[in-house]
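Enquirer: pasting a predicted model and its sequence here:
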Amino acid sequence: MSDNDDTVESVVKAPAPVTVSLCPGCAAEVHAQDRFCENCGQELGGRQVALPHHEPGPVTACEGCGGLDYDGDGYCAGCGQLRRPPDRFAADLGAVAVITDRGIAHARNEDAVAAAVLDGPDGVPAAAVLAVADGVSSSEDPQVASGAAARVGVEATRVALLDGQPASEAAMAGLVAAATAVRESAVTDGHAPSCTYVSAIVRTDATGTEITVANVGDSRAYWLHADAPVHPDNPPSQRLTVDDSWAQALVDAGAMDEQAAMNDPRAHTLIRWLGADGPVKPWSDNCVRTLRTTGPGVLLVCSDGLWNYLSDAIALAEVATAHPPAVAARELVEFALRCGGSDNITVAIVPVPWTVDPGVTQ
């Protein structure tokens, strides 16, 4: 399957014990799976976001006739053209900043990104969870697949962490849930929305930071920092994921180096993806990986709309570590647009160590 824009055996385990805690707002009992307190309505477990929204944004002039009058379904009263969602969505959760942009060449954004910040008992972030999914343009309704994968993957990972599962198991729980959500997105036989998927869990304590990533397809995660020489406890800037693509297969087989493989016309042909018509286990046996570091640096997760133009970890680090996360994410998107914007562009950045910002800016 071509995307324009690893196999782990499942282990049957007894259900994890239900974790009960107290709502910080009213002290009522709540469970790890709860997103809101049933007693007072307070959001639990931190902050979350899923982008893009496919509803139209603030009223702007109709692209067809310049009118400002729309009916309840978003159609222009003057010419009947449907209002288009904004080209860009962004959010800053403090411990993670995300942005997704339609790009220039595509008529719609088929990428999606979701993130959650889990608060510790003192209100300081205990973990950040994020996922980027890139809809496969040759499939039907790829935006449905990517939206479901990112949103469901992050939520399942969040719940698994709150249930006390290790990061590697939580990452797999998110991947399994994302794959299931995509398979269930088909509305008729032969309808097969598909997407790539990459997720990350970042947890920091007094001894350093643990980053756990999982992926299917060719969306990527990078560890990036600007320090030179490299401290022995801080790994060098590097890609953390391995593409499930024709180009990567050529490199792994020793047939080509990476640069030559990426110039092959089949470079972006996927050999694994999440799809409504895909297998129950579409991942490879090395799809989950963990890196430990003392930092500082940033975790970058992105779709190929960015790395098509800038894939080298050291070059990415120059931008990603030079600005606050939300600014760096925007700068990387703008770079891809200046290079042609031939695909949707999605970027998520987690600073290590992270800053605390209780607000969400969209």
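Expert: Everything's here; your move. Treat the numbers as computed from the prediction; the structure is a model and nothing was measured.

Enquirer: how about Ala112, what does it touch?
Expert: By C-beta atoms under 8 Å, 6 or more residues apart in numbering, the contact list for Ala112 reads 50-52, 100, 132-133, 135, 143, 146-147, 149-151, 195, 346. (Each C-beta comes from the backbone N, C-alpha and C, glycine too.)

Enquirer: measure the residue sitting nearest the centre point of the chain to Ile345 for me?
Expert: When C-alpha atoms, centre = their mean is applied to the chain, the residue found nearest the centroid is Val132 (2.0 Å). As judged by C-beta to C-beta, to the nearest Å, Val132 and Ile345 stand 11 Å apart.

Enquirer: which residues are in contact with both of the two?
Expert: Asp111, Cys302, Ser303.

Enquirer: tell me the spacing between the second one and Tyr222.
Expert: Between Cys302 and Tyr222 the distance is 8 Å, computed by C-beta to C-beta.

Enquirer: next one: the first one
Expert: In this structure, Asp111 and Tyr222 are 17 Å apart, going by C-beta to C-beta.

Enquirer: between the two, which has more neighbouring residues?
Expert: Neighbours around Asp111 and Tyr222, counted as other C-beta atoms under 10 Å, are more numerous at Asp111. The numbers are 34 against 24.

Enquirer: let me know the secondary structure of Arg292.
Expert: With DSSP: H, G, I helix; E, B strand; the rest coil as the basis, Arg292 sits in strand.

Enquirer: what bridges to the residue nearest to the centre of the chain?
Expert: Applying DSSP bridges to Val132 gives these bridge partners: Val113, Val198.

Enquirer: quick one: contacts for it?
Expert: 111-113, 150, 197-199, 219, 301-303, 346, 348.

Enquirer: and if we set it to 10 Å?
Expert: By C-beta atoms under 10 Å, 6 or more residues apart in numbering, the contact set of Val132 is 98, 100, 111-115, 146, 149-150, 153, 195-200, 215, 219-221, 301-303, 306, 346-348.

Enquirer: among those residues, name the ones in helices.
Expert: Judged by DSSP state H, helices contain the following of the contacts of Val132: Ser146, Ala149, Ala150, Gly153, Leu306.

Enquirer: filter those down to just the buried residues.
Expert: With burial judged by 16 or more other C-beta atoms under 10 Å, the buried subset of the ones in helices among the contacts of Val132 is Ser146, Ala149, Ala150, Gly153, Leu306.

Enquirer: surely the second one and Ala214 touch.
Expert: No - the pair Ala149 and Ala214 does not pass the contact test of C-beta atoms under 10 Å, sitting 11.6 Å apart.

Enquirer: common neighbours of the two, please.
Expert: With C-beta under 10 Å, 6+ apart as the test, Ala149 and Ala214 both reach Ala131, Gly174, Leu175, Ala178, Tyr197, Val198, Ser199.

Enquirer: picking up where we left off before, spit out the residues that contact Cys302 and Tyr222 alike.
Expert: With C-beta under 10 Å, 6+ apart as the test, Cys302 and Tyr222 both reach Ser311, Leu316, Ala320, Ile349.

Enquirer: just send those residues back as a markdown table, with distance to Glu331 and secondary structure too.
Expert: What follows is the shared contacts of Cys302 and Tyr222, written out as a markdown table (distance: C-beta to C-beta, whole Å; DSSP: H, G, I helix; E, B strand; the rest coil):
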| residue | distance to Glu331 | secondary structure |
| --- | --- | --- |
| Ser311 | 16 | coil |
| Leu316 | 11 | helix |
| Ala320 | 8 | helix |
| Ile349 | 10 | strand |
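
Enquirer: and these, which is closest to Val288?
Expert: Closest approach to Val288 among these (C-beta to C-beta): Ile349, at 21.0 Å.

Enquirer: I figured that closest one was touching Pro324, is that so?
Expert: Yes - taking C-beta under 10 Å as the definition, Ile349 is a contact partner of Pro324 at 9.1 Å.

Enquirer: dihedrals phi and psi, Gly340?
Expert: With angles defined as degrees, to the nearest 10, Gly340 sits at phi 130, psi -30.

Enquirer: residues contacting it?
Expert: Counting by C-beta under 10 Å, 6+ apart, Gly340 makes contact with Gly103, Ile104, Ala105, Asn308, Tyr309.

Enquirer: next, count neighbours for the fourth one.
Expert: Right, Asn308. By other C-beta under 10 Å, the residues close to Asn308 number 20.

Enquirer: for it, give me phi and psi.
Expert: The phi/psi pair for Asn308 (degrees, to the nearest 10) is phi -60, psi -30.

Enquirer: got phi/psi on Gly217?
Expert: phi 100, psi -150.

Enquirer: for it, give its distance to Phe335.
Expert: 22 Å.

Enquirer: restricting to C-alpha, output stretch 199-209 in PDB.
Expert: Taking Å, rounded to 0.1, in the frame of the first residue of the first chain, the C-alpha atoms of stretch 199-209 are listed here in PDB:
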ATOM      1  CA  SER A 199       2.900   6.700  19.800                       C
ATOM      2  CA  ALA A 200       5.100   7.700  22.700                       C
ATOM      3  CA  ILE A 201       5.000   7.700  26.500                       C
ATOM      4  CA  VAL A 202       7.300  10.000  28.300                       C
ATOM      5  CA  ARG A 203       7.900   9.600  32.100                       C
ATOM      6  CA  THR A 204      10.300  11.600  34.100                       C
ATOM      7  CA  ASP A 205      11.500  11.100  37.700                       C
ATOM      8  CA  ALA A 206      14.500  11.900  39.800                       C
ATOM      9  CA  THR A 207      16.700   9.500  38.000                       C
ATOM     10  CA  GLY A 208      16.000  10.700  34.400                       C
ATOM     11  CA  THR A 209      13.500  10.200  31.600                       C
END
